[in-house]
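>>> Show me how the following folds:
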Amino acid sequence: MKIIILAGGKGTRLWPVSRNNFPKQFLNINGKTLLRRTIDRSLLLEKPENIYISTNKKYLNLTKEELKQTKIPLKNIITEPFSKNTGPAIFFALLKLKKELKEDELIFVCPSDHYISPEKVFAKNVFEAQKVASLNNIVTFGIKPTFPETGYGYIEMKDSLLKSIGKTKYYQVNNFIEKPNLKKAKQLLSLKRYYWNSGMFLFPFKLIKEEFEKSGFTSNNLKEIDPISIDKAIIEKSNKVTAIATHFDWNDIGSWNAFYQVQKKDKEGNAIQGNVLSLENKNSLIISNKRLVACLGLKDITVIETEDAIFVAPINRSQEIKLLIEKIETKNKNIL
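Now for the predicted structure:
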């Protein structure tokens, strides 16, 4: 099996800490960057020489620094020629690895900015999924929702069980639902057949190559292809998609609220980092990167301080930071 770790995203959903020049996969979460955590999980699955990192040329040096601490060779870094979302990124990586891939070789694709535990359970689920992927299936990994998240995509699994290996169950996919509103998310949470779409996929090389060809991807027209996710380009169109109901905890750290969920907290439920003076605060995320941040009587609030920007919002509305980003883009792109 070959593993492709996608590390080229430039997301600003954790602004002002995550920036275009320093995206969240390079942020330190409880002692390790998210990219390093992804690499360590991958090393539970495969040898270092079979693990590849696909990244934007802007993040090449950051990626090299991460790999220096591992046995993954620097030649296994795949530098994307452009930033066009996960569809073209994966296709380009496959083109680069084409000579090394057998037709029946399994390929596991995973983002570099997710927080997963326990890692041994994750590895067990991937190993079990290999058996289904080898039967000429694209396997996607569904996460059982624990709250009505509006920032995730959802997978609707068919009621009838397709296959079971040990305690792991596999289903055919009925439908994919893009980020729902809160009312819809609450409805999906109440129904057992809906799972969060983790963005991780396992498939045979020959099958995914055929699926890309059906969607019009060729080595000659890659520059002309519009930015598109692997979900929209391939997964949502294919009749070869099977879903696994996973047993590990998963968080895509897609908002400050999600970041707060994986942090160590004090007895009042606060997650605090840096130069912070906290008095009578509850269930809040407070981060200082330089200056003293003094907070009194806050409840369910996010406060993020950096050298050139401060973000403050109710913690349950941190997903809406995209509205601020849109306004910032029209006034001062340099601060992104």
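>>> where in the stretch 201-336 of the chain is pLDDT low?
Within the stretch 201-336 of the chain, no range satisfies pLDDT under 70.
>>> what do you get if the cut-off is 80, keeping everything else the same?
332-334 (pLDDT under 80).
>>> Helices along that one, start to end?
205-214, 230, 256-261, 321-331 (DSSP state H, counting those that start in this stretch).
>>> burial count for K71?
10 (other Cβ atoms under 10 Å). Quick note: C-beta positions are derived from backbone N, CA and C, even for glycine.
>>> Name the nearest residue to it, ignoring sequence neighbours.
P48 (4.1 Å; Cβ to Cβ, 6 or more residues apart in numbering).
>>> The one you found: neighbouring residues, count only.
P48 has 14 nearby residues by other Cβ under 10 Å.
>>> pretty sure it is touching L67, no?
No - using Cβ atoms under 8 Å, P48 is not in contact with L67; the gap is 9.2 Å.
>>> got any residues that touch both of these two?
P73, N76 (Cβ atoms under 8 Å, 6 or more residues apart in numbering).
>>> Skipping adjacent residues, who's closest to K186 in space?
P148 (4.4 Å).
>>> so how far is L336 from T330?
Distance, T330 to L336, using Cβ to Cβ, to the nearest Å: 11 Å.
>>> Give me the more crowded residue out of those two.
Neighbours per residue, other Cβ under 10 Å: of T330 and L336, the larger number sits with L336, 16 against 7.
>>> OK, contacts around that one?
T12, W15, R19, N20, I325, I328, E329.
>>> go on, P81?
By Cβ under 8 Å, 6+ apart, the contact list for P81 reads K57, F92, K223.
>>> got it, and D308?
By Cβ under 8 Å, 6+ apart, the neighbours of D308 are P16, I335.
>>> Tell me the pLDDT of T168.
Note on T168: pLDDT of 66.
>>> N174 too?
Confidence score, pLDDT, at N174: 87.
>>> before we move on, the earlier item: looking at the helices of the stretch 201-336 of the chain, which is closest to P111?
Closest to P111 of the helices of the stretch 201-336 of the chain is helix 230 (Cβ to Cβ; 10.4 Å).
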